[in-house]
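*Asks:* whatever this is, show me its structure:
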Amino acid sequence: MAKVQSRTVINGLNILGTIGAGIFLIWAFRVNLFTNPEVMRHYLDQFGSWAGPLFIFIQFIQVVLPIIPGAITIPVGILVFGHVNGFLLNFIGIMIGSVTNYYLAKRYGRPFVKTMVNEKQYNKYIGKIENSRLFDRLFTFGMFFPISPADLLCYLAGLSNMSFKHFFLSLFFGKPFTLLAYSYGLLFVLNIFEHLF
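*Replies:* Numbers count the residues shown, from 1 in each chain. The predicted structure follows:
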């Protein structure tokens, strides 16, 4: 009886969490939170010491739901929190989101992944998981390469026979390079535009 009640409570909390996240996302898109760096910066500044955990959550959402552009959120982390803290908050949020993608794919399989990613990219890469050795190398390279479809590759890793150890180590050592490239590359471009206009 207690087990049934605890399961009911957990299911209820999951439903409430999903509804809450949905409401937050609708509001966020209406105010351009994910598409305008200045809006996000102003929003995060209001939360004081809670700004860091909130930004980690935003990065987590950005990885799991491919409708939020990481090109916006990653440099914002550096702008709002500084070089070291911004990098760490980006890294933590993206790591949690990427591991979530891996386990969601393991749990729910191909039909779920197809609903979460771009169909054209899915069709382009799905065949590669049949060759485990080739896909392992592709995944490792993708984690080090800034413009690879990293979120899609994390979902596909969950569909493949890749061990969690290989997945995690490739992610852990590769992501810092892509984060640095995104953060400082995009900030450099923004700086050029600022001087031009």
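
*Asks:* now residue 97: which helix or strand?
*Replies:* Here residue 97, judged by DSSP states H and E, is contained in helix 83-116.

*Asks:* and that helix, which residues are buried?
*Replies:* 86-102, 104-105, 113, 116 (16 or more other Cβ atoms under 10 Å). In short, each C-beta sits where N, CA and C put it, glycine included.

*Asks:* check which helices and strands that helix is in contact with.
*Replies:* Contact here means 3 or more Cβ pairs under 8 Å, 6 or more residues apart in numbering; DSSP states H and E; on that basis helix 83-116 packs against helix 51-64, helix 70-81, helix 150-159, helix 164-196.

*Asks:* mean neighbour count added to those helices, as TSV?
*Replies:* Output for the helices and strands packed on helix 83-116, formatted as TSV (neighbours: other Cβ atoms under 10 Å):
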stretch	mean neighbour count
helix 51-64	20
helix 70-81	21
helix 150-159	25
helix 164-196	14
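
*Asks:* so residue 104 sits against residue 159, correct?
*Replies:* No: Residue 104 is beyond contact range of residue 159, at 10.3 Å (criterion: Cβ atoms under 8 Å).

*Asks:* common neighbours of the two, please.
*Replies:* residue 113 (Cβ atoms under 8 Å, 6 or more residues apart in numbering).

*Asks:* what is the helix or strand residue 133 falls within packed up against?
*Replies:* If you go by DSSP H and E, residue 133 is part of helix 132-144. Under the contact definition 3+ Cβ pairs under 8 Å, 6+ apart, helix 132-144 sits against helix 150-159, helix 164-196.

*Asks:* now do the shortest one against helix 51-64, angle only.
*Replies:* For helix 150-159 against helix 51-64, the angle between stretch directions is 70 degrees (axes from the mean of the first three to the mean of the last three Cα atoms, to 10 degrees).

*Asks:* worst-scoring helix or strand of this structure, pLDDT-wise?
*Replies:* Between all helices and strands in the chain, the lowest mean by mean pLDDT, DSSP states H and E belongs to helix 2-30, at a mean of 60.

*Asks:* which residue is nearest the centroid of the chain?
*Replies:* Nearest to the mean C-alpha position of the chain, counting by Cα atoms, centre = their mean, stands residue 63 at 1.7 Å.

*Asks:* per-residue pLDDT, the closest residue to residue 59 other than its chain neighbours?
*Replies:* Sequence neighbours aside, residue 93 is the residue nearest to residue 59 in space, at 2.6 Å (criterion: Cβ to Cβ, 6 or more residues apart in numbering). Per-residue confidence (pLDDT) for residue 93: 94.

*Asks:* residue 93 against residue 54, yeah?
*Replies:* No: with contacts counted by Cβ under 8 Å, residue 93 stays clear of residue 54, the gap being 10.0 Å.

*Asks:* point out where this structure drops to low pLDDT.
*Replies:* Where the chain drops to pLDDT under 70, the residues are 1-22, 24-25, 33-35, 37, 66-72, 184-197.
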